[in-house]
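Participant: Dropping the sequence and predicted coords here.
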Amino acid sequence: MSSHLVVKVHPLSCYSFGKKEAKVDKDVFLSDRLDRMRANFMRDGLRTHVEGILLVHEYGHPHLLLLQKGNKIIRLPGGRVRPGENEIEGLKRKLTSKISSSSSSGQSDWQIGECVGVWWRPNFETLMYPYCPPHINKPKKYGQEISSIPQQLSRFSFDLV
């Protein structure tokens, strides 16, 4: 018998949302992004990428909060961890910079739970895998895939408070 971990999920009404200034895309095309990733890898080596799964509930159902970049990309909030920074510190920094209001000073009091998955990008491609393929000895990046979240969250029970 497996025991589920319980996650408290607060109602959407407990949070306030605003707007931030739009950021200009560094890359116009996907090929530009992959070229930038290749250059960063050659300069810095493997970099950890963290993303947060933020859940709220509305009408008795849990909802995942996502960020929309422009009119095309929808993603989890997060980004690259700085050299010497651990994953939790990096995630708190990224959540603060991407989600917290501009008026909040310092780092917000984020409560970080467990890691629910690790995904690997073995080459400079758009595809990521839930494992590092055995023939790859220098993976390029790891992060999270949105489509895997329901399966990864299935080991949790939700307490809608």
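Facilitator: Nice, I can see it. Residues are numbered from 1 along each chain as shown.
Participant: The most centrally placed residue in the chain - nearest residue in space that isn't next to it in sequence?
Facilitator: Of all residues in the chain, the one closest to the mean position by C-alpha atoms, centre = their mean is residue 51, 1.6 Å from it. Distances taken as C-beta to C-beta, 6 or more residues apart in numbering put residue 78 closest to residue 51, at 3.3 Å, once the chain neighbours are dropped. Heads up, the C-betas are built off the backbone N, CA and C, glycines and all.
Participant: List the residues that contact the one you found.
Facilitator: By C-beta atoms under 8 Å, 6 or more residues apart in numbering, the residues touching residue 78 are 49-52, 91, 94-95, 98, 143-144.
Participant: most surrounded residue in the residues you listed?
Facilitator: Among these, the one with the most neighbours (other C-beta atoms under 10 Å) is residue 50, at 26 neighbours.
Participant: next SSE after the helix or strand bottoming out on mean pLDDT in the chain?
Facilitator: Across the helices and strands of the chain, mean pLDDT, DSSP states H and E gives its lowest value to strand 141-143, namely a mean of 55. For strand 141-143, the following helix or strand on the C-terminal side (DSSP states H and E) is helix 149-153.
Participant: strand partners of the helix or strand following that next one, parallel vs antiparallel please.
Facilitator: Counting by DSSP H and E, the next helix or strand C-terminal to helix 149-153 is strand 156-160. Applying DSSP bridges to the sheet, strand 156-160 is found paired with strand 5-9 (parallel).
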